[in-house]
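> Compute the structure for the input listed below.
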Amino acid sequence: MVGLATFVPWAMRQQDRRPHRYEVDVGEKLAEDMGVKVELVRPLGMAFIPALLAGKFDFIIGGMTITPARN
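Here you go, the predicted model:
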């Protein structure tokens, strides 16, 4: 399970609401390389770090940057 933000232009939703673009492709390729199925999850309220720590997904892709506090 991958935490994903719709962060234009890197990740966004198509007209049919399916996510697409670069970060989605990266998440799907990582899952393929690991031999697992990918499930894209968008946490409510964009609370990525708490959702990750609570086990809502396995890693975050999209919309996350390194900050001194996150490092």
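> and the longest helix for this protein?
Counting by DSSP state H, the longest helix found in the chain is helix 22-34.
> Check which helices and strands the next helix or strand after that one is in contact with.
On the C-terminal side of helix 22-34, the closest following helix or strand by DSSP states H and E is strand 40-41. Packed against strand 40-41, as judged by 3 or more Cβ pairs under 8 Å, 6 or more residues apart in numbering; DSSP states H and E, are the following elements: strand 2-4. Bear in mind the C-beta positions are built from the backbone N, C-alpha and C, glycine included.
> So I49 belongs to a strand, correct?
No. Read with DSSP: H, G, I helix; E, B strand; the rest coil, I49 is helix and lies in no strand.
> What is the neighbour count of R70?
9 (other Cβ atoms under 10 Å).
> do you know how far it is from I60?
As judged by Cβ to Cβ, to the nearest Å, R70 and I60 stand 10 Å apart.
> what residue ranges in this structure score low on pLDDT?
6-14, 17-20, 44-46, 63-64 (pLDDT under 70).
> most centrally placed residue in it?
The centroid of the chain falls nearest to L4 when counting by Cα atoms, centre = their mean (2.3 Å).
> I'd say that residue and D25 touch.
No. Between L4 and D25 there is no contact under Cβ atoms under 8 Å: 11.5 Å.
> quick one, phi psi at the residue lying closest to M1 once chain neighbours are set aside?
Nearest non-adjacent residue to M1, counting by Cβ to Cβ, 6 or more residues apart in numbering: F57, 3.9 Å away. Here is the backbone geometry of F57 (degrees, to the nearest 10): phi -150, psi 170.
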